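Peer 1: A structural model of the following input is requested.
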Amino acid sequence: MAELSETAACLRFIGDDLDPGELTHRLGAEPTSSARKGGRVSRPNGTVVVAPRGWWHFKVERRRPGGLDGQIAEILERLTDELSVWQDLAARFRAEIFCGLFLHEGNEGLALTPATMLALGMRGLQLEMDIYGPQDGEH
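Peer 2: Got it, this is the predicted structure:
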């Protein structure tokens with residue numbers, strides 16, 4: 001199996017009652033983006049929209065070739081080790097590691113170590129993956 005061409009990873013908390021300041025304080029780091037439900041959010045194209053729900057995102061740089069296991073470790077290492085904080089937040093909000101998996105060939109793959117899977121489970125984090133196949137002309 002060939003190594004995955006590129007990976008993206010982001011920790012996401014989503015919920016109607018989410019207060020980004022609380023998560024920043026409890027997790028111990030500034031988010032890469034956040035909003036309260038009903039807050040005004042500027043999109044990259046310059047438009048401003050109203051946030052339909054609250055969110056707190058913490059993303060790391062994309063890796064090429066892919067390195068999802070390392071990206072997840074990087075996210076978790078930069079935030080609190082206090083499992084009770086994670087478990088409380090995961091019980092109150094949608095809590096996930098959101099991943100983009102980008103294939104250059106038709107048969108690429110990845111593996112997560114037992115330590116990474118245990119770390120996600122102990123924190124109550126779901127693993128969400130979007131898989132993008134090769135684009136026309138790329139294979």
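
Peer 1: tell me the helix or strand right after the lowest-mean-pLDDT helix or strand in the chain.
Peer 2: Counting by mean pLDDT, DSSP states H and E, the chain has its least confident helix or strand at strand 2-3, which shows a mean of 72. Moving toward the C-terminus from strand 2-3, the next helix or strand (DSSP states H and E) is strand 6-15.

Peer 1: for that next one, the distance to its chain's centre please.
Peer 2: Taking the mean of its C-alpha atoms, strand 6-15 sits 1 Å from the chain's own mean (Cα atoms, centre = their mean, to the nearest Å).

Peer 1: which residues does it contact?
Peer 2: The contact list for strand 6-15, computed with Cβ atoms under 8 Å, 6 or more residues apart in numbering, reads 23, 32, 53-60, 62-68, 71-72, 75, 79, 89, 92-102, 104, 110, 125. Using the backbone N, CA and C atoms, a C-beta is placed for each residue, glycine as well.

Peer 1: which ones among these are found in strands?
Peer 2: Secondary structure assignment by DSSP state E places 54-60, 62-63, 94-102 of these in strands.

Peer 1: quick revisit: select only the buried ones of the contacts of strand 6-15 in ChimeraX?
Peer 2: In ChimeraX, a selection of the buried entries from the contacts of strand 6-15 looks like this (16 or more other Cβ atoms under 10 Å):
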select :23,54,55,56,57,58,59,60,63,66,67,68,71,72,75,79,89,93,95,96,97,98,99,100,101,102,104,110,125
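
Peer 1: ok, residue 127 touching residue 95?
Peer 2: No - at 10.8 Å, residue 127 does not count as touching residue 95 under the criterion of Cβ atoms under 8 Å.

Peer 1: quick one: end-to-end distance for stretch 39-59.
Peer 2: Distance across stretch 39-59, first residue to last, is 21 Å (Cα to Cα, to the nearest Å).
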